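Chemist: okay, predicted coordinates and the sequence, questions at the end:
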Amino acid sequence: MGRAKKDGPLYVVEHLEEGLGDWCRLEYRHVASFVPPERLVFLNYPLDTADLAPEGAAANPRASAKSLEELVPHGDSSAAALEAVEGGTPLPPWDRICLLDMDAEQALEPDDVARFDALVFGGILGNITENEDGSYGSDDRTAEIRRFGFVHRRHLGPMQMTTDTAVLVSQLVLETASPLAQIPFIDCPEFVDDKAGGTGVLAWLQLRSVPLRFLFSKSYS
């Protein structure tokens, strides 16, 4: 994989869940651990982001209780955003924003780094179903933000990812010029919790094969 660039796009997570569950909190904390706070924004997020910042971080991720649709005006797609999120993070116009969407026709590619100033990810916990042919589908909760009318959309492959995995993969593609075909993935890993009777995320994962795509790591073996 290539060398990371000094700068990269703005990574925008539009939170769509009611409240903030354990799973979402873990994903958001992970995102905040590898994206600099000046390039990370949580929208439609009414809570304080202090608990998402990595230990010892100089700043918290930026956040706004408003949605992207409220913050970036429609109309003239070349017009600059009229508002910015708390902390002064500027939001680019619609024609420089890309939605990561499994239903998009084009895959995200390294050259897109010159086309987009911001990538938008749905902060959602979609329901995944197994089809008769063994493939997986979802209830397409990305439709909740697709309706905003994005000019550009890109996908990261045929399988659903957690929000943090999608951000990390996008970062690899755009900031290290790594094509999707060269990024190692693992599909449907099995997580085993040896502590029976646990609660929260570990209890949900106990002895489960999770129908999601993750970055490959030796820690899965």
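Modeler: Received the coordinates, thanks.
Chemist: C-alpha only now, for contacts and for neighbours.
Modeler: Noted.
Chemist: look up how far V72 lies from P93.
Modeler: Between P93 and V72 the computed distance is 7 Å (C-alpha to C-alpha, to the nearest Å).
Chemist: any weak-confidence spans in the protein?
Modeler: Within the chain, the ranges that satisfy pLDDT under 70 run 1-6, 73-89, 123-140, 187-214, 216-221.
Chemist: the strands in it, which residues?
Modeler: Residue ranges of the strands in the chain, as given by DSSP state E, are 10-15, 40-43, 62-63, 97-100, 118-123, 128-130, 136-138, 152-154, 185-187, 190-191, 208-209, 213-215.
Chemist: next, count neighbours for S170.
Modeler: Per other C-alpha atoms under 10 Å, the neighbour tally for S170 reads 26.
Chemist: cool, and the one 4 residues further on?
Modeler: Counted with other C-alpha under 10 Å, the neighbours of L174 add up to 22.
Chemist: who touches the closest residue to it other than its chain neighbours in this structure?
Modeler: Counting by C-alpha to C-alpha, 6 or more residues apart in numbering, P110 is the residue found nearest to L174 once chain neighbours are left out, at 4.8 Å. The contact partners of P110, by C-alpha atoms under 8 Å, 6 or more residues apart in numbering, come to V173, L174, E175, T176, A177, S178, P179.
Chemist: how does it look with 7 Å?
Modeler: The neighbours of P110, taking C-alpha atoms under 7 Å, 6 or more residues apart in numbering as the test, are V173, L174, A177, S178, P179.
Chemist: quick one: which of those residues is nearest F116?
Modeler: L174 (9.8 Å; C-alpha to C-alpha).
Chemist: what sits against the closest one?
Modeler: L174 makes contacts with P110, D112, V113, as judged by C-alpha under 7 Å, 6+ apart.
Chemist: that'll do, ta.
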